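>>> build the 3D model from these lines:
(2 chains)
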Amino acid sequence: MELLPEGKKNTVTVTYEDQQKINEFSKLIMRKDNLEKKLSKERQEKEYLDDVSLEIELVDEEELINYKIGELFIMLKQEKVVSLLEKDMAQVEESIDSLENNLSDLDTKIKGLKTDLYVKFGDNINLER
Amino acid sequence: MSSLFNSTKTNPRGIPEAPFVEKVEDYIKKPTDFELVFNQFQEHLSKYKFMLESKNSTINQLNVRIPDIQNTLKICKSLLLQKNEAEDDENQEIEMNYQLNDTLYTKANVTTDKVGLWLGADVMMEYTLDEAIELLNKRLSDANESLTLAQEDAEFLRENITTMEVNCARLYNWDVEQRSKLRQVTKELSI
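Take a look at the predicted model:
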């Protein structure tokens, strides 16, 4: 927390509407943090899938491969694993897309609130981290 | 004085909404009340913080449980797929590497007609694959629903914490101002 400079007074009154905006802002920031965490996890997953889909091309089609689900591995033929991986990939990509859309929506809202609040409070409010 | 916080507004789960301090004087009638009122606000703020913490731990639990259910569901579906595809050549078993111990995996041939699901309280029930998938789908949607609710609550609490923080800051600033006014007056009087 920062103190106001000596001799300067905080004379801006906080109205109920301002409070609502501040609340909305803090809520959206929290939501954004959570989304970003999820998104980075999904991106990591996509990277893994990218790698494995290259590697798997080197394996013979009839060969059995350990396909991991949760804590166990199912032995499946290469061609089957490939189709499963494609499905996984599609799912991850879909989820990344929707997360990214949500995130950009949030950013627009956050930006709007920031402008409003800075207009009203100027130096008396700090919305950065 | 505690009637300050008897807000009638609550969220759908009954969490009370924090009061908004429009004018500090509405809450502090006499300057001597400051300490008392301020402490009450701080106490209320820490209650909200505690609630948010417990909500967050619920959310974390659900975030572990949901992938668990999803994985189980995925396994059941794989088994079902294997079963349906193998109908003709009577080869209904599926070979798996499963975790026998923390650091040890071993192979097993798993039949694809029935699975056992933990129901909790140390009870496991055997289901056919179709039934298991139905049950798991139900559980998954329940878990997702509780997650949505818990997240709503957490956001509501976050908002109220912000309100209370702003309230506290304003009460505090008000008090500082009052004191400096008082000092001014005593200074003038002593001259």
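>>> switch to C-alpha atoms for all contacts and neighbour counts from now on
Will do.
>>> so B:Ile133 sits against B:Ile75, correct?
No: the pair B:Ile133 / B:Ile75 is not scored as a contact, 9.7 Å apart, by C-alpha atoms under 8 Å.
>>> now A:Lys77: closest residue in space, sequence neighbours ignored.
Residue nearest to A:Lys77 in three dimensions, not counting chain neighbours: A:Leu64, with 4.4 Å by C-alpha to C-alpha, 6 or more residues apart in numbering or on different chains.
>>> and the one you found, what does it touch?
Contact partners of A:Leu64, counting by C-alpha atoms under 8 Å, 6 or more residues apart in numbering or on different chains, are A:75-78.
>>> from B:Ser180, how far out is it?
Note on A:Leu64: its distance to B:Ser180, by C-alpha to C-alpha, to the nearest Å, is 81 Å.
>>> next: A:Phe73.
72 Å.
>>> which of those two has more residues huddled nearby?
Using other C-alpha atoms under 10 Å in any protein chain shown, the more surrounded residue of A:Phe73 and B:Ser180 is A:Phe73, with 20 against 11.
>>> please identify the helix or strand for that one.
Assigned by DSSP states H and E, A:Phe73 belongs to strand A:72-77.
>>> what's in contact with that strand?
The contact list for strand A:72-77, computed with C-alpha under 8 Å, 6+ apart, reads A:61-68, B:94-99.
>>> just the buried residues from these, in ChimeraX please.
Listed next is the ChimeraX selection for buried residues among those, using 16 or more other C-alpha atoms under 10 Å in any protein chain shown:
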select /A:64,65,66,67,68 /B:94,95,96,97,98
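>>> looking at the contacts of strand A:72-77, which are in strands?
Mapping these onto strands (DSSP state E) picks out A:64-68, B:94-99.
>>> give me the most central residue, chain B.
Geometric centre of chain B, nearest residue: B:Lys55, 2.9 Å, by C-alpha atoms, centre = their mean.
>>> how about the residues of chain B near chain A?
Counting by C-alpha under 8 Å from any C-alpha of the partner chain, chain B comes close to chain A at B:20, B:22, B:68, B:71-72, B:74-75, B:94-99, B:155-156, B:158-160, B:162-163.
>>> ok, of these, which come out buried?
In terms of neighbour count (16+ other C-alpha under 10 Å), the buried residues within those are B:20, B:71-72, B:74-75, B:94-98, B:155-156, B:158-160, B:162-163.
>>> among the residues you listed, which are in helices?
B:71-72, B:74-75, B:155-156, B:158-160, B:162-163 (DSSP state H).
>>> need those residues in JSON lines (columns: pLDDT).
Formatted as JSON lines, these follow (pLDDT from 0 to 100):
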{"residue": "B:Asn71", "pLDDT": "89"}
{"residue": "B:Thr72", "pLDDT": "89"}
{"residue": "B:Lys74", "pLDDT": "88"}
{"residue": "B:Ile75", "pLDDT": "86"}
{"residue": "B:Glu155", "pLDDT": "90"}
{"residue": "B:Phe156", "pLDDT": "89"}
{"residue": "B:Arg158", "pLDDT": "89"}
{"residue": "B:Glu159", "pLDDT": "88"}
{"residue": "B:Asn160", "pLDDT": "88"}
{"residue": "B:Thr162", "pLDDT": "88"}
{"residue": "B:Thr163", "pLDDT": "87"}
